[in-house]
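[1] fold the following, please.
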Amino acid sequence: MEQPTGEKVLFVSAMVLAVFLLVTALLIALVSILYIPLPDGICDRLKLQFVEFLLRVSNEYFGRVIGTIFGPSVWNKLTRLVVAIAFLFKSRSPRWVTVKNELIGATRVRVYYPAERKTNSLIIFIHGGGWAIMRPGHYDNVIYMLIARLGILVISIDYRLSPESPYPEPVNECEAVFHRLVNGEHERFDIDPRRICVMGDSAGGNLSTVVAQRQLRKKLPSPKCQVLIYPVIHSFDLKSPSYQIYYKQLCGTSLLNPRLMARWYLLYLGIPATPANIEKFLANRHLRRKDSERLQELISHELLPAEFSEDYSEKQADPPPDDDLCRLFNKNGFDPDFAPILGKDLFGLPPAMIVTAGYDILRDEGALYAKRLQSFNVPVQWNHYPAAYHGVINMPSSMQRNQILDDIAHYLDMNL
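    Prediction:
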C-alpha cells in the first residue's frame, strides 16, 4: 500500500534535515580539530584567526599535498593563486587617484597618480612575498593610504618572481628602474630625482635596501631615504629568538613560518627546495662552522634588546653542516645583495626607517640591521610594534596598520 503524500514529504524533510545536521556537525568537528588559537596579545586577533585558518587549509594543508606530488614550484604557483583569489574582491581606486600599468625600460610598473600632488618627491614601492609571490596590485589599499596622507606619486615595481627569475634578477630589475628614474625618466613623471624614497615590505624591504647599498658602492646617486617594513636581512640563523616565538606561540599557523621562509630562500637562490633541503636549512646546516662563528659579530643574540630574549631557550649545538647544501648556498648566500647585513663601508647610506613586528620570525634581523646601520652612523629610526604580525599592512581595517602607516607618513614628511 502506497504511503500518503504527506508522509513522504515528512520523511524526505527529515532525511534532508538529518543530512544537514550531520554535515554541520562534521564541519564543526573538523574546524575544532584544526583550530589553533592565536596569542591574546596579537592585534586584529579575530579577523586574523579567520584569515589564518583559510590560508592554512588552502595553502598549507592542500599545498603540502600538491608539493609532495608535483614539487615546490607547483606549490608556489598554488600559493600565488590563493593570494590572488584573496585580493579579487577589492574596491575600485578612489576618485582622487589614477592608477596605470606602465613600463620603465623593460620592467612593468604600477603608477599611482594623485589628483592633487603636494610634492614632487617619489616613493618607489617594492612589494614583498618572499621574492616568489604577490603583485603590486595586492598593495593598492596600502598605497592609497600613503597617498591620502602625503599627496605623493608612487611607482610600484612589478619585478619578475622566483623560481622562474632567481637571484639576482629581481635586484637587477629594481636597480634598473631606480637608475632610469634618476637619469631621465624623472622628467616623464615630473619628480625631483634627489627626493626618492625606496620602500618595501619583507622581501621588498630586502630589495629596497640592497638597491640603496648598490648605489653607495658604485658611488652613484642614492635614494633620499629608505623605509623597510619587516625586511628580510639575512638567512644565517633560523633558530633565533623570534623564530622560537613562532614555535612556542604560533606553531602550525599559516602566518609567516620558518618552513615557508626556508623554501623561499631556496627558491630565490636557485637551490632545489626539496623537503630534505628545507629541513637542513631550518637546522642551519647550510652554514659551515667557521662561517657561523664569523657571523656572530653581526647576528649574535647578545646584540638584541634584552626583552627579545626573555623567553629564549638557549639552542643546542647545530647539527653538522651539510657539504652539498653549503656548497650551493655559498654561491650567493654571502653576497650583500642577498644578505644586506653583510654590507661593508656603509657610511653615507641613506637614512632608514625600519619597522619590526613582535609576532614575526623576521623581527630579530630587522633589529640587528638597525644596529648594523647605526654602527656606520647611518641615521636610523627603528619602530617596533609588539602586537603586530608579519603582513599586518595588508590587513583591511586594521588599527595597527593605520598606526604604522601614520608613522611612515610622518617619517617621510620629515625626511623626504
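[2] show me what contacts the residue nearest to residue 129 when sequence neighbours are not counted?
    Excluding its sequence neighbours, the residue lying closest to residue 129 (Cβ to Cβ, 6 or more residues apart in numbering) is residue 203, at 6.1 Å. Bear in mind the C-beta positions are built from the backbone N, C-alpha and C, glycine included. Neighbouring residues of residue 203 by Cβ atoms under 8 Å, 6 or more residues apart in numbering: 128-132, 232, 264, 268.
[3] of the residues you listed, closest to residue 382?
    Distance to residue 382 across those (Cβ to Cβ) is lowest for residue 232, with 16.3 Å.
[4] what's the burial count for that closest one?
    By the criterion of other Cβ atoms under 10 Å, residue 232 has 29 neighbours.
[5] that one should be in a helix, yeah?
    No: Residue 232 is assigned coil when assessed by DSSP: H, G, I helix; E, B strand; the rest coil, not a helix.
[6] start the count at 54, not 1, going forward
    All set: I'll call the first residue 54, so the last point we hit is now residue 285.
[7] that one touches residue 262, doesn't it?
    No: with contacts counted by Cβ atoms under 8 Å, residue 285 stays clear of residue 262, the gap being 9.7 Å.
[8] which parts of the protein are strands?
    Secondary structure of the chain (DSSP state E): strands at 150-157, 160-167, 175-179, 206-210, 249-254, 278-282, 405-412, 433-442.
[9] for these, give me TSV that also has mean neighbour count.
    Below are the strands of the chain laid out as TSV (neighbours: other Cβ atoms under 10 Å):
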stretch	mean neighbour count
strand 150-157	14
strand 160-167	19
strand 175-179	25
strand 206-210	25
strand 249-254	27
strand 278-282	28
strand 405-412	25
strand 433-442	20
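[10] so can I have a markdown table of these showing distance to residue 105 and mean pLDDT?
    As requested, the strands of the chain are exported to a markdown table (distance: least, Cβ to Cβ, whole Å; pLDDT from 0 to 100):
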| stretch | distance to residue 105 | mean pLDDT |
| --- | --- | --- |
| strand 150-157 | 29 | 97 |
| strand 160-167 | 28 | 98 |
| strand 175-179 | 25 | 99 |
| strand 206-210 | 26 | 99 |
| strand 249-254 | 18 | 99 |
| strand 278-282 | 20 | 99 |
| strand 405-412 | 11 | 98 |
| strand 433-442 | 9 | 98 |
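[11] what comes up buried for stretch 200-207?
    200, 202-203, 205-207 (16 or more other Cβ atoms under 10 Å).
[12] among those, which two are most distant?
    Pairwise over those, using Cβ to Cβ, the maximum falls at 202 and 206, 13.6 Å.
[13] what's the distance between residue 148 and residue 168?
    Using Cβ to Cβ, to the nearest Å, one gets 7 Å for the distance from residue 148 to residue 168.
[14] can you check residue 389 too?
    40 Å.
[15] neighbour count winner among the two?
    Shown here are residue 389 and residue 168; by other Cβ under 10 Å, residue 389 has more neighbours (17 against 11).
[16] now the end-to-end length of stretch 397-417.
    By Cα to Cα, to the nearest Å, the extent of stretch 397-417 from end to end equals 20 Å.
[17] do stretch 264-277 as well
    12 Å.
[18] who's the residue nearest to residue 456 when sequence neighbours are not counted bridged to?
    What sits nearest to residue 456 in space, not counting adjacent residues and going by Cβ to Cβ, 6+ apart, is residue 438, at 7.4 Å. Beta-bridge pairing for residue 438 (DSSP bridges): residue 410.
[19] equivalent analysis for residue 280, please.
    Residues in a beta bridge with residue 280, per DSSP bridges, are residue 252, residue 406.
[20] please report how far it lies from residue 461.
    To residue 461, residue 280 is 6 Å away according to Cβ to Cβ.
[21] next, show the common contact partners of these two.
    Joint contacts of residue 280 and residue 461 (Cβ under 8 Å, 6+ apart) are 252, 406, 408.
[22] any idea which of the residues you listed is closest to residue 140?
    residue 252 (19.6 Å).
[23] my read: that closest one touches residue 177, true?
    Yes: Residue 252 lies in contact with residue 177 (Cβ under 8 Å); the separation is 6.9 Å.
[24] return the member of the shared contacts of residue 280 and residue 461 nearest to residue 235.
    residue 252 (16.1 Å).
[25] which stretches in the stretch 154-303 of the chain count as helices?
    All helices of the stretch 154-303 of the chain, identified by DSSP state H, counting those that start in this stretch, fall at 193-203, 222-235, 238-242, 256-270, 294-298.
[26] could you save the ones you listed as a markdown table and add columns showing mean pLDDT and distance to residue 215?
    Converted to a markdown table, the helices of the stretch 154-303 of the chain look like this (pLDDT from 0 to 100; distance: least, Cβ to Cβ, whole Å):
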| stretch | mean pLDDT | distance to residue 215 |
| --- | --- | --- |
| helix 193-203 | 97 | 22 |
| helix 222-235 | 98 | 7 |
| helix 238-242 | 95 | 26 |
| helix 256-270 | 99 | 9 |
| helix 294-298 | 95 | 22 |
